[in-house]
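Participant: Next come a sequence and a model predicted from it.
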Amino acid sequence: MTSSYRPDALIASDISAYLALHQSKSLLRFITCGSVDDGKSTLIGRLLYDSKQIFEDQLASLESDSKRVGTQGQEIDFALLVDGLAAEREQGITIDVAYRFFATEKRKFIVADTPGHEQYTRNMVTGASTADLAVILIDARKGVLTQTRRHSYLAHLLGIRHIVLAVNKMDLVGYDQARFDEIVADYRAFAESIGISAFTAIPISGFKGDNITALSENTPWYNGPSLIEHLETVELDVDADQAKAFRLPVQWVNRPNLDFRGFAGLIASGSVKPGDKVRILPSGRTTSVARIVAMGGDKEQAVAGESVTITLADEVDCSRGDVIAAADAPPQTADQFQATIVWMDQTELLPGRGYWLKLGTQTVTATVQPPKHLVCINTMAELSAKTLELNDIGVAEVYTDRAIVFEPYADSHDLGGFILIDKATNATVAAGMLNFSLRRAQNVHWQATEINREAHARQKNQAARLLWFTGLSGSGKSTIANLVEKKLHAMGKHSFLLDGDNVRHGLNKDLGFTDQDRVENIRRVGEVARLMTDAGLIVLTAFISPFRAERELARGMMPEGEFFEIFVDTPLEAAEARDVKGLYKKARAGEIAHFTGITSPYEAPLNPEIRVDTTKESPEEAAERIVETIMGTWSPVI
């Protein structure tokens with residue numbers, strides 16, 4: 001072990017005193033990004049080493065690992081301090097986002113080491129989402145690459161305004177000033193094209209330590225700051241959020257007893273005092289702040305960045321997802337937006353599919369429309385596209401199922417940034433930034449009618465229902481649904497059958513059978529079925545509807561208890577054996593693309609209200625059982 005290397009002795013002798021010493025220092029969050037093998041992990045390892053943030057046992061382990069799996073011969077491989085996954089060490093690359101804390105005499109730092117491979121761009125977005133500064137590394141031998149452009153664009157898109165261009169591995173080009181100047185000029189041309197007006201360029205060698213903590217004798221032609229000096233002195237506008245209007249997204253309603261009801265959350269912007277007038281959104285109710293409760297007791301004032309519990313002067317409806325805001329400067333509410341979206345999943349976007357959208361503490365169902373355009377990172381050209389695939393960056397319209405409280409991302413990262421979650425897998429599939437609300441969302445309102453759905457149903461002496469038949473092609477959905485409707489008609493019930501083939505002759509004649517078109521097909525049918533149930537009808541639908549997410553979207557359109565999923569469960573081999581229309585034969589021959597069960601998936605219901613096994617039950621028996629089951633749950637609205 002290097003004998004001159006000693007971490008701060010105070011860490012070992014009095015950890016509390018060490019923490020107190022650093023408590024008053026400002027905190028800078030930054031990321032390192034760039035292309036593969038530009039030396040990001042090595043740079044962070046060097047920063048940790050030079051700032052003496054490594055304990056003796058860690059250093060001993062590092063020296064041992066460097067000899068065993070390192071890439072620097074017998075010398076210390078600083079990248080191993082950050083690359084913690086076995087796969088990362090084996091391949092010599094970064095896969096996951098690694099966060100590390102270190103401190104100097106002047107400032108504290110949290111650095112995120114983000115992957116350089118294009119397939120892990122989503123991990124870079126994760127690391128950049130909370131960063132104040134980005135260190136863009138460039139290998140002096142290779143110059144500006146595609147990932148350099150991609151990461152620079154994403155950093156700018158995510159609101160990072162402090163950019164450091166670290167031209168790394170200068171030792172491998174003989175510390176050539178001409179090469180450094182060439183790379184800086186090349187990067188400047190690209191940076192200006194995407195709106196980066198200023199950046200700091202530093203020639204470094206993460207491995208050798210040149211211009212990391214002190215200026216190097218190997219670059220006498222460079223007169224700027226060392227990297228650590230720049231990180232210590234870059235100005236952070238810590239007061240910017242405090243100067244904005246007050247915003248508190250409610251995370252939790254604290255009700256320990258009957259006498260206390262507080263609203264807890266992290267203040268996103270502004271400041272608040274007892275007595276301040278506030279507005280609860282999206283309801284719009286106004287009241288005033290009674291108390292500000294914190295760990296040490298009541299506070300006279302709270303500012304952005306603090307977690308507090310607020311009590312209100314009046315008993316108003318306020319719950320998780322609501323936003324408490326300054327009464328005279330509230331944020332906007334809307335349900336239709338234009339957004340910039342970074343797609344982060346292997347499965348492409350299905351326009352029209354319902355995804356969970358999480359923005360702050362709000363969670364709603366959202367659908368994304370076909371993109372207006374994609375952004376080509378190399379040329380910044382706007383390209384046409386029908387969907388978004390892994391690592392695509394595009395602009396699209398986003399519709400939510402109810403109004404949400406928001407601000408443009410440029411004004412507030414907390415109320416403008418969101419993620420999309422696949423409802424079936426719970427995977428985060430995209431990150432996005434709201435640009436603005438669509439004006440039509442503000443001008444279109446629900447028209448109140450006096451004859452409501454209950455009145456229509458009462459007139460027909462029945463309760464509205466939606467019977468959703470799903471199953472493979474040839475399973476018998478339409479046959480059974482038709483028999484059910486005949487029985488309902490004989491009983492004097494008012495019903496209507498929406499059949500998959502029939503609907504495609506009119507309402508959905510413009511749709512094909514791709515996954516995207518199937519999603520839109522079911523969305524439209526769900527909307528029509530909802531309107532029919534509003535009229536008090538018992539609606540039956542017979543569609544393959546292969547995706548659970550779309551069936552759940554249709555369920556979500558209906559009032560609770562009015563949607564019945566009926567799974568006509570026929571094995572593929574049985575459905576194919578019937579093949580009344582000859583479709584399976586054509587699909588097997590390759591004459592029909594995107595055929596469910598053959599070249600397109602079918603996601604069977606997990607918990608249907610009714611399951612029909614057509615190998616054990618005839619269509620007539622199934623129809624009789626369905627009617628008996630459904631009629632047993634109905635109670636006419638009196």
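Facilitator: Cool, the structure landed.
Participant: Who are the contact partners of Gly262?
Facilitator: Shown in contact with Gly262 (CB atoms under 8 Å, 6 or more residues apart in numbering): Val253, Asn254, Arg255, Arg291, Val293, Thr309, Ile310, Thr311. Bear in mind the C-beta positions are built from the backbone N, C-alpha and C, glycine included.
Participant: what does stretch 430-440 contact?
Facilitator: 122, 125-126, 129, 157-158, 332, 334, 336-345, 349, 355, 359, 388, 395, 397-398, 406-410, 416-420.
Participant: picking that back up, could you give me the PyMOL syntax to select whichever of the contacts of Gly262 are buried?
Facilitator: Applied in PyMOL, the following selects the buried portion of the contacts of Gly262 according to 16 or more other CB atoms under 10 Å:
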select buried, resi 291+293+309+310+311
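Participant: if you look at the contacts of Gly262, which of them are in strands?
Facilitator: Using DSSP state E, the members of the contacts of Gly262 that fall in strands are Val253, Asn254, Arg255, Arg291, Val293, Thr309, Ile310, Thr311.
Participant: how about those in CSV, adding pLDDT and distance to Ala268?
Facilitator: As requested, the ones in strands among the contacts of Gly262 are exported to CSV (pLDDT from 0 to 100; distance: CB to CB, whole Å):
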residue, pLDDT, distance to Ala268
Val253, 94, 18
Asn254, 93, 18
Arg255, 90, 23
Arg291, 95, 20
Val293, 92, 18
Thr309, 95, 15
Ile310, 95, 13
Thr311, 95, 19
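Participant: Please produce CSV containing the residues you listed, extended by distance to Ser618.
Facilitator: Shown next, in CSV, are the ones in strands among the contacts of Gly262 (distance: CB to CB, whole Å):
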residue, distance to Ser618
Val253, 54
Asn254, 58
Arg255, 55
Arg291, 68
Val293, 66
Thr309, 62
Ile310, 63
Thr311, 64
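Participant: with these in mind, which one is nearest to Pro274?
Facilitator: Arg291 (6.0 Å; CB to CB).
Participant: That closest one and Ala327: what is the separation?
Facilitator: According to CB to CB, to the nearest Å, Arg291 and Ala327 sit 17 Å apart.
Participant: and what of Glu485?
Facilitator: 54 Å.
Participant: okay, the two: which has more neighbours?
Facilitator: A count of neighbours by other CB atoms under 10 Å puts Glu485 above the other of Glu485 and Ala327, at 21 against 18.
Participant: Pretty sure that one sits against His494.
Facilitator: No. Contact between Glu485 and His494 fails when scored by CB atoms under 8 Å: they sit 10.7 Å apart.
Participant: buried residues in stretch 404-419?
Facilitator: For stretch 404-419, using 16+ other CB under 10 Å, the buried residues are 404-409, 412-419.
Participant: pLDDT on it, on average?
Facilitator: For stretch 404-419, mean pLDDT rounds to 93.
Participant: Name the residues that touch that stretch?
Facilitator: By CB under 8 Å, 6+ apart, the residues outside stretch 404-419 that reach it are 129, 159, 244, 247, 249, 268-269, 281-282, 322-323, 325, 331-335, 337, 339-340, 357-360, 362, 364, 428, 430-437.
Participant: let's see 7 Å
Facilitator: Stretch 404-419 is contacted by residues 129, 159, 247, 249, 268-269, 281-282, 323, 331-335, 357-360, 362, 364, 428, 430-436 when judged by CB atoms under 7 Å, 6 or more residues apart in numbering.
Participant: repeat for stretch 592-612
Facilitator: So stretch 592-612 is contacted by 470, 472-473, 480, 513-515, 544, 546-548, 564-569, 572, 583-584, 586-588, 622, 626, 629 (CB under 7 Å, 6+ apart).
Participant: Just the ones of these in strands?
Facilitator: Counting by DSSP E, the contacts of stretch 592-612 place Thr470, Phe564, Glu565, Ile566, Phe567, Val568, Asp569 in strands.
Participant: What is the nearest of those to Leu21?
Facilitator: Nearest to Leu21 out of the ones in strands among the contacts of stretch 592-612 is Glu565 (CB to CB; 61.6 Å).
Participant: so that closest one bridges to which residues?
Facilitator: Glu565 has the following beta-bridge partners by DSSP bridges: Trp468.
Participant: And the residue nearest in space to the middle of the chain, which helix or strand is it part of?
Facilitator: Nearest to the mean C-alpha position of the chain, counting by CA atoms, centre = their mean, stands Ile419 at 1.9 Å. Element membership for Ile419 (DSSP states H and E) is strand 417-421.
Participant: cool, Asp501 as well?
Facilitator: helix 500-503.
Participant: For that helix, which outside residues touch it?
Facilitator: By CB under 7 Å, 6+ apart, helix 500-503 touches Val525, Ala542, Phe543, Ile544.
Participant: Which one (most neighbours) among the residues you listed?
Facilitator: The contacts of helix 500-503, ranked by neighbours (other CB under 10 Å): first place Ala542, 29 neighbours.
Participant: I figured that one was touching Ala481, is that so?
Facilitator: Yes. With contact defined as CB atoms under 7 Å, Ala542 reaches Ala481; the gap is 4.2 Å.
Participant: Tell me the residues that contact both of the two, please.
Facilitator: By CB under 7 Å, 6+ apart, the residues touching both Ala542 and Ala481 are Phe469, Leu497.
Participant: so what pLDDT did Met295 get?
Facilitator: pLDDT, read off for Met295, is 79.
Participant: Tell me how far it lies from Ala264.
Facilitator: Counting by CB to CB, the gap from Met295 to Ala264 is 12 Å.
Participant: The two: who's more crowded?
Facilitator: Under the criterion of other CB under 10 Å, the comparison of Met295 against Ala264 puts Ala264 first, with 16 against 8.
Participant: That one belongs to a helix?
Facilitator: No. Ala264: not assigned to a helix; according to DSSP: H, G, I helix; E, B strand; the rest coil it is strand.
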